[in-house]
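**Student:** okay, predicted coordinates and the sequence, questions at the end:
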Amino acid sequence: MGRIVAILLTIIGAGAVVWLIGATGWRDVVGGVARVGWSGFVVLMVWTALTLVVLGAGWWAVAPGLERRHWPTFAWARMTREAATDVLPFSQFGGLVIGARTAIAGGIRPALVYASLIADQTTELAAQLAFTLFGVAMLALALGAGSGAGGAQVLPLVLSGVGVLVAIMLGFALGQRPMLRMAQGLAGRLLPGSVATVEALTSELDAIYRQPGRVIAAFLLHLVAWVFSAGGAWLALHFMGQDVPIMAVLTIEALIFTLRTVAFAIPGGVGVQEGAYVLIGPLFGVSPGVGLALSLVKRARDICVGVPGLALWQWLEWRRARP
């Protein structure tokens, strides 16, 4: 039933994207995508790969006791995690499961993988909250200066998103013991021969939080990754010939990331991301057509990075499953 709902939400979101492009004008959207060019698209893919390396470092930071040579394992696991979220008809939870399986297959003990995954997700949400608050502050400044026409209608939606994000963050921070039991269930389903007990998971998580320096480092690395991701959007707009100030792009991306997180049940945020660009982009000088073109470029980039990564992951899984 969960898979059926996810597929239905994806179809509805895709229909909303088609409607938005038609209402905005196909010519403007397709023209914006075409102006990026192949060379610009390759640069965006490389930029995304660098962002994933930073995210992998953030996950590795909350996995104490591992050497630096394990960093690539976490970067690879983070790539499969993001690819599953962006490409496959899963919610973000499906990406977490695949990322955890990849890390375990890379030789990391299951208890540490699941405990560090919980800590990593917590620090990532904390960094996103900080990034979101920056976006809200910039939106409020724009409204105060009278330059954010239409922002009064967007602000309640954004604030609602912030409220949901705070609730999710508190849920992660306060409900980690129930999450440990959930992680044990995931471990049992994915790798029945190496089920991690709740005691082992709890011990690993306690060991992580006894090293606040590592937790702070993970938070800062995730904050850098959020800024990096927004920088990719600025590069795409630059290739389109749109000279949008970097602070404006950071604000737009911070607010859009918030709305996508709130709609976590929709695989890839299909339709939500595009609608957010149409609503928020014009407040900071990005027309709906350009915003939709930017969203399509980002999705094409995610597919071109994610599909080869998932294909490689499946091949490795097949090799491990051979007699």
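**Tutor:** Looks like it came in fine. Numbering: from 1, shown residues only.
**Student:** now the stretch 51-200 of the chain, which segments are flagged as low pLDDT?
**Tutor:** 89-93, 144-152, 175-198 (pLDDT under 70).
**Student:** helices of that one, start to end?
**Tutor:** With DSSP state H, counting those that start in this stretch as the definition, the stretch 51-200 of the chain shows helices at residue ranges 71-87, 92-105, 110-144, 151-174, 176-190, 198-209.
**Student:** tell me the most buried of those helices?
**Tutor:** The highest average neighbour count among the helices of the stretch 51-200 of the chain, using mean count of other Cβ atoms under 10 Å, belongs to helix 71-87 at a mean of 23. Placement of C-beta: from N, CA and C, glycine included.
**Student:** which secondary structure elements does that one contact?
**Tutor:** In this structure, helix 71-87 packs against helix 26-61, helix 92-105, helix 288-321, with contacts taken as 3 or more Cβ pairs under 8 Å, 6 or more residues apart in numbering; DSSP states H and E.
**Student:** nearest to Asp120, of these?
**Tutor:** Shortest separation from Asp120 across those is recorded for helix 26-61, at 4.4 Å, computed as Cβ to Cβ.
**Student:** circling back to that earlier point, dump the helices of the stretch 51-200 of the chain to TSV, plus distance to Glu253.
**Tutor:** As requested, these are exported to TSV (distance: least, Cβ to Cβ, whole Å):
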stretch	distance to Glu253
helix 71-87	16
helix 92-105	18
helix 110-144	8
helix 151-174	13
helix 176-190	28
helix 198-209	29
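**Student:** who wins for proximity to Ala254 among these?
**Tutor:** Using Cβ to Cβ, the nearest of the helices of the stretch 51-200 of the chain to Ala254 is helix 110-144, at 2.9 Å.
**Student:** list the helices and strands that closest one packs on?
**Tutor:** Where contact means 3+ Cβ pairs under 8 Å, 6+ apart, helix 110-144 is packed against helix 26-61, helix 92-105, helix 151-174, helix 176-190, helix 198-209, helix 212-239, helix 246-262.
**Student:** can you tell me what sits against the second one?
**Tutor:** It stands for helix 92-105. Residues external to helix 92-105 that are found in contact with it (Cβ atoms under 8 Å, 6 or more residues apart in numbering): 73-74, 76-78, 80-85, 88, 110, 113-114, 117, 121, 186, 190-191, 194, 264, 267, 313, 316-317, 320.
**Student:** would you reformat the helices and strands packed on helix 110-144 as CSV and include distance to Pro288?
**Tutor:** As requested, the helices and strands packed on helix 110-144 are exported to CSV (distance: least, Cβ to Cβ, whole Å):
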stretch, distance to Pro288
helix 26-61, 8
helix 92-105, 27
helix 151-174, 13
helix 176-190, 39
helix 198-209, 44
helix 212-239, 14
helix 246-262, 13
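**Student:** three-state assignment of Val286?
**Tutor:** coil (DSSP: H, G, I helix; E, B strand; the rest coil).
**Student:** what's it sitting at in phi/psi?
**Tutor:** Taking degrees, to the nearest 10, you get phi -110, psi 110 for the backbone angles of Val286.
**Student:** pretty sure it is touching Ala293, no?
**Tutor:** No. With contacts counted by Cβ atoms under 8 Å, Val286 stays clear of Ala293, the gap being 9.8 Å.
**Student:** tell me the contacts of the residue nearest the centre of the chain?
**Tutor:** Centroid-nearest residue in the chain, with Cα atoms, centre = their mean: Glu82, separated by 6.6 Å. Under the criterion of Cβ under 8 Å, 6+ apart, the contact list for Glu82 reads 52, 55, 95, 302, 306.
**Student:** isn't the first one right next to Met79, touching?
**Tutor:** The one in question is Leu52. Yes. Counting by Cβ under 8 Å, Leu52 does reach Met79; the two are 5.0 Å apart.
**Student:** need the contacts of Glu82 in JSON lines (columns: distance to Ala142).
**Tutor:** Supplementary listing: the contacts of Glu82 in JSON lines, determined by distance: Cβ to Cβ, whole Å:
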{"residue": "Leu52", "distance to Ala142": "31"}
{"residue": "Leu55", "distance to Ala142": "29"}
{"residue": "Gly95", "distance to Ala142": "33"}
{"residue": "Asp302", "distance to Ala142": "29"}
{"residue": "Gly306", "distance to Ala142": "34"}
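**Student:** who wins on neighbours among the residues you listed?
**Tutor:** Leu55 (27 neighbours; other Cβ atoms under 10 Å).
**Student:** tell me which element the closest residue in space to Gly271 that isn't next to it in sequence falls in.
**Tutor:** Once its chain neighbours are removed from consideration, Gly271 has its nearest residue in Gly13; the separation is 3.1 Å (Cβ to Cβ, 6 or more residues apart in numbering). Here Gly13, judged by DSSP states H and E, is contained in helix 2-24.
**Student:** much appreciated, bye for now.
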